[in-house]
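>>> Predicted model and sequence below, questions to follow.
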Amino acid sequence: MFYTAENMVLCVCGDIAPDEVEDIVRKYLKPLQKGDVKRVGCNEPKDICKKRVESFMDVAAPLFAIGIKCDDLQIGEERIQACAENEIILQLVFGKSGEFYNRCYEEGLLGDRFSADFSCERGTSYIMLCGSTPDPERLYLKTLEEIRHRKESFCTVEEFERAKKVCYASALDTFNST
């Protein structure tokens, strides 16, 4: 019941007449349904469901995903600030301009398909590191080692400034297309 016309916005780009868009919408969109919007909450447990899951498939290079659960954040300024902070921290610790990525790249452990993302949704937030590696176990241990190292000696001013600039440039880049 959530995905109804009352809860949507239609954005159309290109060389098309508004009348044509209206005709298409009238043809394919179901009549408006009245009723309450049902929101399904997420009751994500604090504990990890499974520490490790492996699946063996026919791929050119082993793929990995490392997930780190974070505390749930309430909607509002706290969440906005935490998202910005986590984006900078991830760029600093695991970004392609940082020491960890470059060390692992030079050792042949990581390629250019590596990504580090923070996701914050209603009821859950987490960090996800993904990519391909010839040795997932070794990369996992290096990741844990990097996290331990960063807990002891977080970063230099130069590292922080570089990460902040990368995040700023990335945000500006999102305005380059519709």
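Great, that's in hand.
>>> any idea how far L90 is from S97?
The gap separating S97 from L90 is 12 Å, by C-beta to C-beta, to the nearest Å. Heads up, the C-betas are built off the backbone N, CA and C, glycines and all.
>>> Comparing the two, which residue is more hemmed in?
L90 (20 against 13; other C-beta atoms under 10 Å).
>>> any idea how far the more buried one lies from Y105?
For L90, the distance to Y105 - C-beta to C-beta - is 17 Å.
>>> what stretches of the chain score poorly on pLDDT?
Within the chain, the stretches with pLDDT under 70 are 1-6, 31-42, 177-178.
>>> where do the helices sit along it?
18-28, 77-94, 99-106, 136-152, 157-173 (DSSP state H).
>>> what separates the shortest one from the chain centre, distance-wise?
By that I understand helix 99-106. 21 Å (C-alpha atoms, centre = their mean, to the nearest Å).
>>> on contacts alone, who are the packing partners of it?
Contacts defined by 3 or more C-beta pairs under 8 Å, 6 or more residues apart in numbering; DSSP states H and E place helix 99-106 against helix 77-94, helix 136-152.
>>> just those: most buried one?
helix 77-94 (a mean of 17; mean count of other C-beta atoms under 10 Å).
>>> now what about that one, what contacts it?
Outside helix 77-94, the residues that touch it by C-beta atoms under 8 Å, 6 or more residues apart in numbering are 70, 73, 97-98, 100-101, 114, 116-118, 120, 125, 127, 129, 146-147, 150, 155, 159-160, 162-164, 166-167.
>>> of the helices and strands packed on helix 99-106, which approaches P18 most closely?
Comparison of those against P18 by C-beta to C-beta identifies helix 77-94 as nearest, at 34.7 Å.
>>> That closest one: how far from the chain's middle?
Remark: helix 77-94 is offset 11 Å from the chain centroid, using C-alpha atoms, centre = their mean.
>>> Tell me which residue is most central in the protein.
D117 (3.6 Å; C-alpha atoms, centre = their mean).
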